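Colleague: Attaching a predicted model along with its sequence, questions to come.
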Amino acid sequence: MTRLRTWQAALTGTTAPAAVILIRVYVGAVFLSEGILKFLRPEQQGAGRFDKAGILVPGFLAPLDGAFEIVCGVLILVGLLTRLAAVPMLVNMLGALMITKLPILWGDAPLFTGKSGWWDFAHESRTDLAQLCGSLFLLIVGAGAYSVDARLHRGVAAPSAEAEPARG
């Protein structure tokens, strides 16, 4: 097996059941819709929100974040390079939790004025936590049986007899 086939097998390999498609649909659809909203409603969901949260260079980072959410959301939805797509979304959710939600605990979150303490944090971070757990799950188990990854992996795992060199 060539080095490229080894990497492809590591990225696309999955023994997860077909039901993983349910996790892929919710995780991918939420990332896709949130990415689109960053462009459709830049003041409420994109650069304006990033600026209000105190994120540096909001005019650059909000569209970049939106583009990653759209591309990775689509990849996760179709089950193509799912493990690879899950990694930036894990970073995205950790960043959202650390920058925008964690300050709720001590009542200093610019996006959530008037909210403080554990229960406000738990309520406001529920979607980020679900997306974080969903992305981590997909990174661990892969895309599942009903995915492009599974189809590609079958081709890598069982190359055709014509591709094998003759052994004598």
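Modeller: Nice, thanks for sending it over.
Colleague: Please list the outside residues in contact with stretch 53-64.
Modeller: 38-39, 42, 46-51, 99-100, 110-111 (Cβ atoms under 8 Å, 6 or more residues apart in numbering). Where C-beta positions appear, they are placed from N, C-alpha and C, glycine not excepted.
Colleague: Give me the buried entries from these.
Modeller: Neighbour-count burial (16 or more other Cβ atoms under 10 Å) applied to those gives 38, 42, 46, 47, 49, 50, 51, 99, 100, 111.
Colleague: Any chance of JSON lines for these, columns secondary structure and distance to residue 5?
Modeller: Listed next are the buried ones among the contacts of stretch 53-64 as JSON lines, based on DSSP: H, G, I helix; E, B strand; the rest coil; distance: Cβ to Cβ, whole Å:
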{"residue": "38", "secondary structure": "helix", "distance to residue 5": "37"}
{"residue": "42", "secondary structure": "helix", "distance to residue 5": "43"}
{"residue": "46", "secondary structure": "coil", "distance to residue 5": "40"}
{"residue": "47", "secondary structure": "helix", "distance to residue 5": "42"}
{"residue": "49", "secondary structure": "helix", "distance to residue 5": "43"}
{"residue": "50", "secondary structure": "helix", "distance to residue 5": "41"}
{"residue": "51", "secondary structure": "helix", "distance to residue 5": "46"}
{"residue": "99", "secondary structure": "helix", "distance to residue 5": "39"}
{"residue": "100", "secondary structure": "helix", "distance to residue 5": "41"}
{"residue": "111", "secondary structure": "coil", "distance to residue 5": "46"}
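Colleague: how about these, which pair is most distant?
Modeller: The distance between the two most remote of the buried ones among the contacts of stretch 53-64 (Cβ to Cβ) is 18.0 Å, for 42 and 99.
Colleague: returning to what we had before: can the contacts of stretch 53-64 go into CSV with extra columns for pLDDT?
Modeller: Converted to CSV, those look like this (pLDDT from 0 to 100):
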residue, pLDDT
38, 97
39, 98
42, 97
46, 96
47, 97
48, 97
49, 96
50, 96
51, 96
99, 96
100, 96
110, 93
111, 94
